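**Student:** prediction below, plus the sequence it came from.
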Amino acid sequence: MSSVDTFLAITNTEDAAVAQQFIEMAGGDIDTAVSLFFEHGTDATATDNNPVRSDEQLAQDLQNDAYNDEVRAPIQPVTEQLVDTLYPVSGNGVPIDPSTAIFGSRPTGIFNQTFGGDHEEIDDDVDNQFETIMDEEGNIVQRHRSNYSRGIDVDNMTATQRRLANLFRPPFDIMEKYNLATAKTEARSKQKWILINIQDPTEFQCQMLNRDFWSNTDIKDIVHENFVFLQYQKDSVNGDDYTNFYHFESFPHIAILDPMTGERLKVWSTVPNISDWIEQVVDFLSSHSLPGATGSVTPLPQQRSNQAELISLDSAWEDAEEDGDEEESAPGSSESEGSSIQIIDNNTTFAIKPIENEEPPQGPDTTRIQIRTSDGKRVVRRFLSSDTVRSLFEFVKFYFKDIIENHEFQLTSQRVNLFESLGNTIEEANLKNASVLLEVIKD
């Protein structure tokens, strides 16, 4: 059976010319010819009213049949504006005001103050607080400068209300206007931890936290030096984001976060005691370090060594050593004179005598200092704020004589060697309510 007969039998047609044309179009392949016939029928071939078309014309017709839809218009170019991620954005991409993102949309007032033009304390004598500005019509007018302070209407406040506003104002001077994601980036770049406080303005405990805790100078110093500090209201955008990630039950909520992993490392759920909180934070900073950090805890500003005092102390040591050299080189110097030269060496703790100074009774001029040893032993003792650091060394050498024995020892607070501050008072060395580490140096 010929190809034409096979084609006619399969397609059930009788036109041998059509069969021949499909076979020629398929290059002699009977299967391809049959497929073309069933796909396109006799339209793809010549008829009495349709003259024979060339292969090029047939290919064009087939392409037009396959792509008979209208060609769509090109995609129009779109110009978009990148939104700064420093502050959160709404669903339509519009940045949210930082005050709203942090403090929520509650009406402002004494117990819900927000960021304003300035954050200075409000003077009771508001009538004398004017500033000169230009209004919309170009006229020079005066207005109360405090009118825009912290988003509250100071002009209509009584003296009592102004004093309360100062008393319960948030810690604007140490707060950052970041959302949590930006705070993590900033903390990583500055090698600091994140300290976050979630407030409920309807809870008076939260107002007490602003009044009694965040207003403390020592708290502000340690927060400023070691943390990126955030304070959010619970119903604000930022506060809601935090609550979704980190669940808690009571207010006020204070937590330390790792800026690298976002892990919540430490939590306080009440208004902490200032001394206990500082002690706990110092312990945390001593036992934790960030990747890439130098490993040393940033000391408080008052705890940094005063360069002038160090120079003076170094000079005194040099003078003592020179006097000792002169005595050693003098004719007829005795053995006792030579031994006194060794005692003058104040560069070691051997010259410090073990003395059990009487512990003062608790009072406004006293402070507690915790002394920790390398084996985990802890001792807490009261000192007068006016006592010198030397008295601390004398007590340690007496109390821990079984550990120290005849070895040299070292006392450090936040990785700062306290031997350099022997002549300073405990208050000057910023050791009030501090934690001190005792290390025995053995050869």
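**Tutor:** Nice, thanks for sending it over.
**Student:** can we go C-alpha only for contacts and neighbour counts from here?
**Tutor:** OK.
**Student:** so where is the stretch 51-200 of the chain shaky, pLDDT-wise?
**Tutor:** In the predicted model, the stretch 51-200 of the chain carries pLDDT under 70 at residues 51-55, 65-71, 80-157.
**Student:** try 50
**Tutor:** 84-87, 117-136, 141-150 (pLDDT under 50).
**Student:** and the contacts of stretch 372-389?
**Tutor:** For stretch 372-389, contacts defined as Cα atoms under 8 Å, 6 or more residues apart in numbering pick out 359-362, 365-371, 418, 421-427, 429, 432, 435-439.
**Student:** report the buried members of those.
**Tutor:** Using 16 or more other Cα atoms under 10 Å as the burial test, these include 366-371, 418, 421-427, 429, 432, 435-439 as buried.
**Student:** list the buried residues in stretch 372-380.
**Tutor:** 372-373.
**Student:** tell me the mean pLDDT for that stretch?
**Tutor:** Across stretch 372-380, pLDDT averages out at 82.
**Student:** endpoints of it, how far apart?
**Tutor:** The first and last residues of stretch 372-380 sit 9 Å apart, counting by Cα to Cα, to the nearest Å.
**Student:** if we can go back for a sec, can you flag which of the contacts of stretch 372-389 belong to strands?
**Tutor:** Using DSSP state E, the subset of the contacts of stretch 372-389 located in strands is 366-371, 435-439.
**Student:** how about those residues in a markdown table, adding distance to Val379?
**Tutor:** Putting those into a markdown table (distance: Cα to Cα, whole Å) gives the following:
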| residue | distance to Val379 |
| --- | --- |
| Thr366 | 16 |
| Thr367 | 14 |
| Arg368 | 10 |
| Ile369 | 8 |
| Gln370 | 6 |
| Ile371 | 5 |
| Ser435 | 10 |
| Val436 | 10 |
| Leu437 | 11 |
| Leu438 | 11 |
| Glu439 | 14 |
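**Student:** for these, which one is nearest Glu176?
**Tutor:** Taking Cα to Cα as the measure, Glu176 sits nearest to Ser435 out of these, at 28.2 Å.
**Student:** would you confirm that the closest one contacts Ser413?
**Tutor:** Yes: between Ser435 and Ser413 a contact is recorded at 6.3 Å, counting by Cα atoms under 8 Å.
**Student:** now the strands for the stretch 201-350 of the chain?
**Tutor:** Using DSSP state E, counting those that start in this stretch, the strands of the stretch 201-350 of the chain run over residues 227-233, 253-257, 264-268.
**Student:** most packed of those?
**Tutor:** Among those, ranked by average contacts under mean count of other Cα atoms under 10 Å, first place goes to strand 227-233 (a mean of 24).
**Student:** CA atoms of that one as CSV?
**Tutor:** Taking Å, rounded to 0.1, in the frame of the first residue of the first chain, the C-alpha atoms of strand 227-233 are listed here in CSV:
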residue,chain,number,x,y,z
PHE,A,227,22.8,49.9,75.9
VAL,A,228,20.6,51.1,73.1
PHE,A,229,17.5,52.0,75.2
LEU,A,230,14.0,51.7,73.9
GLN,A,231,10.7,52.6,75.7
TYR,A,232,7.4,51.8,74.0
GLN,A,233,3.8,52.0,75.1
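**Student:** hey, where'd the helices end up in the stretch 201-350 of the chain?
**Tutor:** 204-208, 217-226, 237-245, 274-287, 307-329, 335-343 (DSSP state H, counting those that start in this stretch).
**Student:** thank you kindly, that will do.
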